[in-house]
Structures are given as C-alpha cells and as structure tokens.
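Novice: can't give you the sequence, but here's the structure:
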C-alpha cells in the first residue's frame, strides 16, 4: 500500500531556531496534511495542502505541496517550547475514506 | 459535545480478556474512523463508518476485532481474547462529511495487555 516516509525520527533544536521537516512517498497523493500530536492527545491538524506546488502558512508554520505530488515539507520558524511534540504527515487513500500517516518526527526544543 | 470523547482513557487487560472501547463523536458528524497507534508509530486505519453503515473494515487486523455504530452516533470497538500485540493507543476521529476532510481526533484509549 501507499507509505509516507519521514526522517529523521527525532530532531533537537534550540529555542528560536527554524526547523524544516519533509515527507516523501513513492505514490502520488492528491492532498497532504500535517498533524501535531502532544503526549496523551490525538493528532491535531496544522495545515492542509490541496494543490501541487501550493505553499500555505499558518502563523509560524509554512508547508508546501511538492510539484511531483510525492513530497511535502513543513517549516516551523522561531521555535518556542510549545512546539515540542510529534509531527506527522498524512494523505488520504481509498476513495478519501481513510488517512495514511507517516511514522512521525519527534521535535524537542531546548530553552 | 465540543469534541470527540473516548473512554476509558486507559485500560489494562489480562491476555485473553475481552475489552470494549467507546467513542462519542462530535454531534452531527456523519463519518467516524478508528485508528490504532503502536508505540513510536503513526496511526493506522482500522475501520470507517458513514452514519451506521460500516463502509470499510479493511484495517481490522483479525476477526477478534469488531466495531459497531448502531444508531449512527456512538461507536464501540471490541477486541476479543486480547493478545499482547494488541497493546496500543486506539484513536477515534469524526468528520462532518463523508471524507477525511475536517477530521477531529479524540484523545485515545491506551490499551495495555499483560
């Protein structure tokens, strides 16, 4: 089936730094979604991308839908301690009835 | 309610025991999804309901897993004869329409099988 690849598994940055994380797939996705999951909580949608080449911002977050439709990246600028969490990329499969998730990247922010 | 509510938050089951996990979706949401999230992994799809109809159960790992949504609102995921590999967080999500767009996840039920 379709798989989404995220690496590295963990990232460590200093407060105030920018960070970029990407997600790749061997298959085409028509929509890319970025979620954040805090400990003990469900994933929360950060940004949704619907068109190849689309660049979308949400506050300090910026995400882009790759032109090949096989990749996407998420940038976080001027990181703060509450950015700590697990970031997942996801895309719909199976006639849009379900999501496929990457394995996630755990972000740690040092004060 | 304001969000998707799942209960219990934590469940410890002895191997071989049956468990039932409950999901209360956002009122009026047509679609309901169950996902399984193993430690260090992303959520993996289990099953999907549109109202009371179970339209996709392709992700259920075995016939020990059963889900229902008899009145098109509350859903229950039942696992019979639990095994250690069933230990995971079980996430429920609901959506206002018939697709993945507008998903809201609950906080999950952490199942530990000992």
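Specialist: Sure thing, it's come through. Note that this is a predicted model, so its numbers are computed, not measured. Numbers count the residues shown, from 1 in each chain, chains lettered A, B, ... in the order given.
Novice: measure the nearest residue to residue B:75 once chain neighbours are set aside to chain A for me?
Specialist: Sequence neighbours aside, residue B:69 is the residue nearest to residue B:75 in space, at 4.1 Å (criterion: CB to CB, 6 or more residues apart in numbering or on different chains). Where C-beta positions appear, they are placed from N, C-alpha and C, glycine not excepted. Per CB to the nearest CB, to the nearest Å, residue B:69 is found 14 Å from chain A.
Novice: repeat for residue B:104
Specialist: Distance, residue B:104 to chain A, by CB to the nearest CB: 8 Å.
Novice: so that residue makes contact with residue B:94?
Specialist: Yes - Residue B:104 is in contact with residue B:94 according to CB atoms under 8 Å; the separation is 5.9 Å.
Novice: ok, the two, which is more surrounded?
Specialist: residue B:94 (25 against 19; other CB atoms under 10 Å in any protein chain shown).
Novice: tell me, how many residues neighbour the nearest residue to that one once chain neighbours are set aside?
Specialist: Nearest residue to residue B:94 in three dimensions, chain neighbours excluded: residue B:25, at 3.3 Å (CB to CB, 6+ apart). For residue B:25, the count of nearby residues is 28 (other CB under 10 Å).
Novice: pLDDT score assigned to residue B:25?
Specialist: On pLDDT, residue B:25 comes in at 97.
Novice: that one and chain A: what is the separation?
Specialist: Residue B:25 is 12 Å from chain A, by CB to the nearest CB.
Novice: one more: residue B:44?
Specialist: Distance of residue B:44 to chain A, computed by CB to the nearest CB: 7 Å.
Novice: again with residue B:74
Specialist: Distance of residue B:74 to chain A, given as CB to the nearest CB: 17 Å.
Novice: how close does that residue get to residue A:11?
Specialist: From residue B:74 across to residue A:11, the span is 39 Å (CB to CB, to the nearest Å).
Novice: is residue A:12 in a bridge, and if so with what?
Specialist: Note on residue A:12: beta-bridge partners by DSSP bridges are residue A:108.
Novice: burial count for it?
Specialist: Other residues within reach of residue A:12, judged by other CB under 10 Å, total 12.
Novice: that one contacts residue A:108, doesn't it?
Specialist: Yes - between residue A:12 and residue A:108 there is a contact at 4.8 Å, judged by CB under 8 Å.
Novice: one step back: joint contacts of residue B:104 and residue B:94?
Specialist: B:4, B:26, B:29 (CB atoms under 8 Å, 6 or more residues apart in numbering or on different chains).
Novice: rewinding a little: quick check: phi and psi on the residue nearest to residue B:75?
Specialist: phi -150, psi 70 (degrees, to the nearest 10).
Novice: what's the neighbour count on it?
Specialist: Burial of residue B:69 is recorded as 21 neighbouring residues (other CB under 10 Å).
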